[in-house]
Structure formats: structure tokens, C-alpha cells
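Asker: Provided below are the primary sequence and the corresponding predicted coordinates.
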Protein chains: 2
Amino acid sequence: MTTPRNDTFLRALLRQPTDRTPIWIMRQAGRYLPEYNQTRARAGDFLSLCKNPDLATEVTLQPLARFKLDAAILFSDILTIPDAMGLGLYFSAGEGPKFERPLREEWEIRDLTAPDPHEKLGYVMSAVSQIRRALDNSVPLIGFSGSPFTLACYMIEGQGGTDFAETKKMLYQRPDLLHHILSVNAQAVVDYLNAQIEAGAQAVMIFDTWGGALSHAAYEEFSLAYMQRIVSQLTRFKDGAEVPVVLFTKGGGQWLESMAATGCSALGLDWTTHLGQARQRVGAQVALQGNLDPAIVLTDPDTIAVEVAKTLAQYGTGHGHVFNLGHGVNQFTPPENVQALVEAVHRLSPAYHLADILPA
Amino acid sequence: MTTPRNDTFLRALLRQPTDRTPIWIMRQAGRYLPEYNQTRARAGDFLSLCKNPDLATEVTLQPLARFKLDAAILFSDILTIPDAMGLGLYFSAGEGPKFERPLREEWEIRDLTAPDPHEKLGYVMSAVSQIRRALDNSVPLIGFSGSPFTLACYMIEGQGGTDFAETKKMLYQRPDLLHHILSVNAQAVVDYLNAQIEAGAQAVMIFDTWGGALSHAAYEEFSLAYMQRIVSQLTRFKDGAEVPVVLFTKGGGQWLESMAATGCSALGLDWTTHLGQARQRVGAQVALQGNLDPAIVLTDPDTIAVEVAKTLAQYGTGHGHVFNLGHGVNQFTPPENVQALVEAVHRLSPAYHLADILPA
């Protein structure tokens, strides 16, 4: 058992007492950091950066060198799994991820298999091991994956988007085909995340970026059911330590009760959800991670401190809260604003944990 | 008093007994109809179509000639108000609406005034009168406006979008400026909708397309508060008939309780909200309008009928439901699928209204 010297993040996810609210930031290693852009330029492009464990380690550590963050997160992409399935992930300038060979024919769907994470995704496991060594037990490392439904959206549409017409047509007209894709994806995510845990990830997060585009009933059947399957098959204890699992459905604020019932450790919340109401609804079952509007970090240090104070007050006293943004940090964010955010959480959150640190 | 011969829509909005569930479809006059595209081609462009009362009347009536819809909705754009304020609305091919002169300077914001709807927006009032004459009391006519916050997003950003960085920076750093814009917009919407009611609109709907991009607290302060101000200042009775007001915040499913408390008659729901749960939460206060996923109407008649049946069952027995999509009809929708949707609602909904039509 190798508890990180700073285990505030892991303790908060497991709803154990902490002396302050831990913070990390979705997409904390990213384009808002000049040093990231330099490393990425050296790599050539985004995908080469993801596939090079040395460089992935380098960018994973960059935000930790600047800010007092309580966790590192593996630098990678949510679409590594369909890439390993042979769909041909590529990034066209300014347009987001795309696939060269999206799923078009029934035989292509029937032929899908979950990739062996040690073969096709070995570069990810190498990065995880290497990052763990570089972190040297300072803070925990988060592993992650896209959700089966979110991966399916990209695999069917060939890109991200806003209406997912092809995916939804399949959902309503050929649910059997979509269920097949989702079953394969769920198995792939289980294998992938368990391999990350084996390689050293100390918590894992499932990003369901597009589940919020579904109706309540379709969400439960086509997104949540597969995340639940994953949660039940993940390695939840490793070297004597519990490995927390965080589920994040962007736009899923209406469905927190069903999400909490999956057996996950924590829910990620986007900024549209009232943190205090979320705690009332599901705080007895799960920890909560979030949820400052990323737009706030575009403003200025004073404004950021005011909004951090409001967010902490919304959650209220006691443990079980991991501070984060409600979505990835915007690429135009000034790094000094991120500094102000992290400092504000360090400065303002201990007051909410007095009961945790006073003798009983 | 000139009750429409088919007043099912108005009765449902007022939670009065009806013998079936009425249906209309957001963006029912639109690009999925070949006859609409022909009229639009004659007009030259979208904005010229909006500004020509003869042609606006023509396209308003087109879907009613094809389908047994229970309401007509004024053909217009949500951005007519900022256009009348002088911001220069235009549409660039395939990119959605834009403004030539978005609000950039504080003096521009301080100079904003609510336009007189009879002067600058006279073309809308002419269209309303003309459509009413053409409808000849067959079905009611819905008037509408964008919400103050949604208008402000376009006025500040110069276009629609996904992150509203400029609007949110103003919201957090210069809330006084945003409140000024919103106050002017709210007055403009009140004047505009009351003029539409005066000209003959028998129900009005406020489209809050972007309020769902806000945090709960920001939504209440910067979007809902102004919609509430509008609701309280609208003409609610005209010629002895109540004029129902529908509020629709896309992505607002978490906030139905606060929306219902504004005093509006009904809430529009997008497809992410469970209709039965929404009824439990606010059905005693307001009628509900929605909320089939528009993607379903891209499929086929049998699939559509199955999903219509599920939606009706979610709401359950009794009145107070207006069937609609959860968002505007997709431009690639086959008209015969819309036909199937309308027929399914006519065929399947009377069973849910048996208590309303049996003698007491």
C-alpha cells in the first residue's frame, strides 16, 4: 500500500474526513499552458503527444509544477479505445476528433471486438507507470475513459456534434445494433480501466460527454446501464487501497439519483446543477466533484474568489466534496486565474472542515 | 370573444378538460417542408421572408394545410427585437443568425432602448393580423419572443454559440451592465408580446434558448427573473379570453419549480426531462408542453407511434399536456413522419382523456 503523501483527493472521494476541500481541474494539462503548447509542438500533433509516454508524462506533470493541485490526471484522449479498434482517430485543425472509418455497415458493427489494452493501448499503460514513478507518491493519479455511449456517438457519427442523428436513429430503429456496440465498448472500458489501475491509476473517472443528449429513458437504457456494468466489474481494491470511481455525465443533473445508484464512489457535476441540492439528493451515497462554470476562470482573481466562496458555501460544511470546474478549463484561460482558483480553494475551504479536524 | 372552433390547445394550456391531447410542433413552418423552401426562395432570404407579412402568413399556414395541428405559430425569428434596436441582424449561409453591430462598448449598452413595436416591428403585427384573418378562427395563433437573456447572448456575442464567454464575463465582472441590457430587453419583450396579443395572438411563448447554459444561481438572477417580470406585465385577458403564457428554457429541466413559480400558464420541456416526473413536480401549477426527442421524427412511422405512446403514458391520464417535440423539428425530417406523429397523437391520446369526456 502506497498512500500518497497528499491523499486529500482520495479521502474526499471516499467521503472520509479531510482538513480542506481538494481540487483538481478537468483538462488541467492543456492548451491554456504555454509549456503544454511547447511540448505539443515538439510532439508534432495531439495524437502523437498522447501516444508518446515520455511526453504524456511531461504534460501530465506541468500543471502540478505550477499549482497546488491535489491530483494528477493521465494525459490522454477519451477516444483511444475506438482508435485501438481500428477506426482511425485523427484530429483536423480546429474541428475536434474524427474517425476515418466510422461504423456504417452492420457487419462492421458485428466485427467489433474489445481491444487488448496491453497490446493496442500499451502506450497508455506505459504512460500511467511512468507518471506514477514521476509523481513519487506526492499526489494520486487519476485514470479515465470515455463512456460506452459517448464512444459509440463518435464511432457512429465519425465525429462529435450536437444532434447525433445517426446514433439516435440506430437507438430507436435498431436498438439491437446499438446495444451490441455498447456491450463491446463496456467490455473494452472495463479492460482498459482495470489495466490502468493495474499500471498504477489510484482513482478512475468515466466521462459521459454526450449522455446528456438523451431522453431520461434512453439515458438509463443506453448510457447508464453500461456505466453500471463497468462500475460492477472494475478493480475496486488495489494493494489494500480502495480505488474510487467517478461518473460524469455532462448535462446529467436531472438523473443524479440513478447515477448514484450504480455503486460509483462519486459523481462529477457540471455547472448547471446546484451543488447544495445535489448533496441533498445524493450526498449520503456518493461524493460530489465540481462544479464552477469554466467561464468564471476567464474573469479575474477577485471574481474567481467570490464564486469559489459561493460554490463552497453551496456544498456546505463537512467532507465529500472535490472542487473542480463543471467542464474542462477553457483554452483561453489565463494561467494566473487558475492560480487564483487553486489558492482560493486552499484559503477558503478549511473553514468548512472544522468539524473534521477538531478532536471528537 | 372569438373562441377558435378547435380550442383544444388553449384549454390544455389552461389545464381545462379536453377530449384528446393537442399537438403543434416547434418550427412546424420550416425547411423540412418543400413548399416552405419554395416560398423562401421567392422571398430571397430568411429575413425578407420574416419581414414580408404576406409571405409570413403563407408559410405560417403551410403546415396546417398538411397536418391536423391544433395551433398555428407566427412565422418570425426570435431576434427581431435586437434587429429593431439597430444591431443589424443578418444570416450567413449555414451559420445561423449574426449581428453586424454586437454590443462592445459601455456607451452602446447605455444607449439601448426598447423599440416601439408598432414602428420598428410593425411587419410582425401586420403578419399577426393577417394570419388571424387567414385562420378564420379555425385554430389559435401563438405569438412568441426570445427571452431577455437569450437575446442578450446574441447581442453581446454577435451570434449564437456554445460557451458564451463574453456574456458570462460580463455577468460575473459587470453584472450591472448585463442587468441593464436585460431590463431593456424585458421591457422590449413586454411591449412586443402585448402588441402581438393586441394584434391577435391568442397565446404567447417565450423561448429561452440559452438560459440552460447558466448555473442555477445565474439562471435565476439573469434569465428567470426577467421572464417573471415579463409574465407579470403581459396582457393576460383579451376579449374575455385568457391568454396563456408558455416558458421554455432549453436545458432547464433542473429548474422547473422556479419556472412554474413565475405565474406562467405552462412550461415547455425539452426531451431530456421525464414528463411524468415533471408533472409530479409542477403539474399542479402549470400545464406541460413537449417533449419528444426531435431525432425520433427522423426514423419511421412505426417507431414514431411507439415513442408517442410512451410519451403519452409518461404524462398519464388527464388534461394539462400539449404534445410537441422537445426542440424544433429537424430540417431533414421527412414530412410523412410528421404526418405519422400528428396521427399517432390523435389516435392514441383520447384514451388518456376518458375521465374528461365521461359525464360526471
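Answerer: Nice, I can see it. Residues are numbered from 1 along each chain as shown, chains lettered A, B, ... in the order given.
Asker: Skip the chain neighbours and tell me the closest residue to the residue of the stretch 51-200 of chain A found nearest chain B.
Answerer: The minimum distance from the stretch 51-200 of chain A to chain B, using C-beta to the nearest C-beta, falls at residue A:168 (3.6 Å). For every residue, glycine as well, the C-beta is placed using N, CA and C. With sequence-adjacent residues excluded and distances taken as C-beta to C-beta, 6 or more residues apart in numbering or on different chains, residue A:168 is closest to residue B:295, at 3.6 Å.
Asker: quick check, the one you found in a helix?
Answerer: Yes. Using DSSP: H, G, I helix; E, B strand; the rest coil, the secondary structure at residue B:295 is a helix.
Asker: residues touching whichever residue of the stretch 201-350 of chain A sits closest to chain B, list them.
Answerer: Closest contact between the stretch 201-350 of chain A and chain B, by C-beta to the nearest C-beta, is at residue A:295 (3.6 Å). Applying C-beta atoms under 8 Å, 6 or more residues apart in numbering or on different chains, we find residue A:295 in contact with A:330, B:163-165, B:168-169, B:172.
Asker: next one: residue A:274
Answerer: Each residue near residue A:274 by C-beta under 8 Å, 6+ apart is listed here: A:314, B:215-217, B:254.
Asker: before we move on, what about residue A:348?
Answerer: Counting by C-beta under 8 Å, 6+ apart, residue A:348 touches A:305, A:308-309, A:312.
Asker: Repeat that for residue A:47.
Answerer: Taking C-beta under 8 Å, 6+ apart, we find residue A:47 in contact with A:77, A:89-91.
Asker: From those residues, list the buried ones, please.
Answerer: A:77, A:89 (16 or more other C-beta atoms under 10 Å in any protein chain shown).
Asker: can you name the two of the contacts of residue A:47 that are farthest apart?
Answerer: Farthest apart among the contacts of residue A:47 by C-beta to C-beta are A:77 and A:90. That separation is 11.3 Å.
Asker: Quick check: neighbours shared by the two?
Answerer: With contacts taken as C-beta under 8 Å, 6+ apart, the residues that reach both residue A:77 and residue A:90 are A:47, A:97.
Asker: got a markdown table for the contacts of residue A:295, with distance to residue B:30, secondary structure and pLDDT too?
Answerer: Written out in a markdown table, the entries for those read as follows (distance: C-beta to C-beta, whole Å; DSSP: H, G, I helix; E, B strand; the rest coil; pLDDT from 0 to 100):
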| residue | distance to residue B:30 | secondary structure | pLDDT |
| --- | --- | --- | --- |
| A:330 | 33 | coil | 96 |
| B:163 | 27 | coil | 87 |
| B:164 | 25 | coil | 94 |
| B:165 | 30 | helix | 94 |
| B:168 | 30 | helix | 97 |
| B:169 | 34 | helix | 97 |
| B:172 | 36 | helix | 98 |
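Asker: Which of those has the largest number of neighbours?
Answerer: Looking at the contacts of residue A:295 with neighbours defined as other C-beta atoms under 10 Å in any protein chain shown, the largest count falls to residue B:168 at 24 neighbours.
Asker: ok, it touching residue A:298?
Answerer: Yes. Using C-beta atoms under 8 Å as the test, residue B:168 is close enough to residue A:298 to be in contact (7.4 Å).
Asker: contacting residues for residue A:29?
Answerer: By C-beta under 8 Å, 6+ apart, the residues touching residue A:29 are A:36, A:59-60, A:62-63, A:73, A:75.
Asker: What is the most widely separated pair among these?
Answerer: Across the contacts of residue A:29, no pair lies farther apart than A:36 and A:73, at 13.3 Å, counting by C-beta to C-beta.
Asker: What about the contacts of residue A:29, which are in helices?
Answerer: Members of the contacts of residue A:29 lying in helices (criterion: DSSP state H): A:36, A:59-60, A:62-63.
Asker: was I right about residue A:21 contacting residue A:344?
Answerer: No. Between residue A:21 and residue A:344 there is no contact under C-beta under 8 Å: 10.6 Å.
Asker: so which of the contacts of residue A:274 comes closest to residue B:242?
Answerer: The shortest gap between residue B:242 and any of the contacts of residue A:274 belongs to residue B:254, at 28.8 Å (C-beta to C-beta).
Asker: Identify the residue nearest that closest one in space, chain neighbours excluded?
Answerer: Across the structure, with C-beta to C-beta, 6+ apart as the measure, the residue nearest residue B:254 apart from its sequence neighbours is residue A:253 (4.8 Å).
Asker: Look up how far residue B:6 lies from that neighbour.
Answerer: Residue A:253 sits 38 Å away from residue B:6, taking C-beta to C-beta, to the nearest Å as the criterion.
Asker: more neighbours, the two?
Answerer: Taking residue A:253 and residue B:6 together and counting by other C-beta under 10 Å, residue A:253 has the greater number of neighbours (27 against 17).
Asker: what about residue A:236, how many neighbours?
Answerer: As a burial measure, residue A:236 scores 16 neighbours (other C-beta under 10 Å).
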